[in-house]
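Undergrad: here is a sequence with its predicted model. Questions after.
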Amino acid sequence: MLTAYAYTFPEIRECWKTSSKTIQSLKYGKKWTVWSSDSILGYISNFLGGKTGTEDNAGCCFTGAYEYKGSVYITVVLGSGYGVSRWTDTKKLHKYITKYAATKY
C-alpha cells in the first residue's frame, strides 16, 4: 500500500525510473554521481520504476510498479536473500502479472 501511495507522486516516479543522477552541493559546488541498484531498469519494457532495500531482518527487498493493459500493478519482494534472488523473484511476479492480470479467477 505504501508503494502504491508513493507512486502517486511525480517526483518519486521520476527518481524510481532514473538509473543515475549527478547532484551538486549548493554550498561548495562539489558534484557526486549516484547510481540506482535496481537491476530491473531497462530489462522489462513495461517497468515503471521501483525501490531496492536491504535490512538485517528482511534481507534483500524490492518493490516495483508495472503498467499492463492500462493498469498499474505493484510487486513486493521481501526476505529474498542476497545475490540475484530478489531480481529472479521480481521477474517471476512480473510474468504472473502478464499471465493472470487480464483473466478472471
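TA: Yep, it's here. This one's a predicted model, so the numbers in the text were calculated from it and none came from an experiment.
Undergrad: grab the nearest non-local neighbour of C61.
TA: G53 (4.5 Å; CB to CB, 6 or more residues apart in numbering). Every C-beta, even on glycine, is put in place using the N, C-alpha and C of the backbone.
Undergrad: direction included, what does the helix or strand harbouring Y66 pair against?
TA: Element membership for Y66, per DSSP states H and E: strand 59-68. Note on strand 59-68: by DSSP bridges, its sheet partners are strand 47-55 (antiparallel), strand 71-77 (antiparallel).
Undergrad: between those strands, which gets nearest to A4?
TA: Of all the strands paired with strand 59-68, strand 71-77 sits nearest to A4, with 5.1 Å by CB to CB.
Undergrad: what's the closest one in contact with?
TA: Contact with strand 71-77 is made by 3-4, 7, 48, 50, 60-67, 86, 89-90, 93-94, 97, 101, as judged by CB atoms under 8 Å, 6 or more residues apart in numbering.
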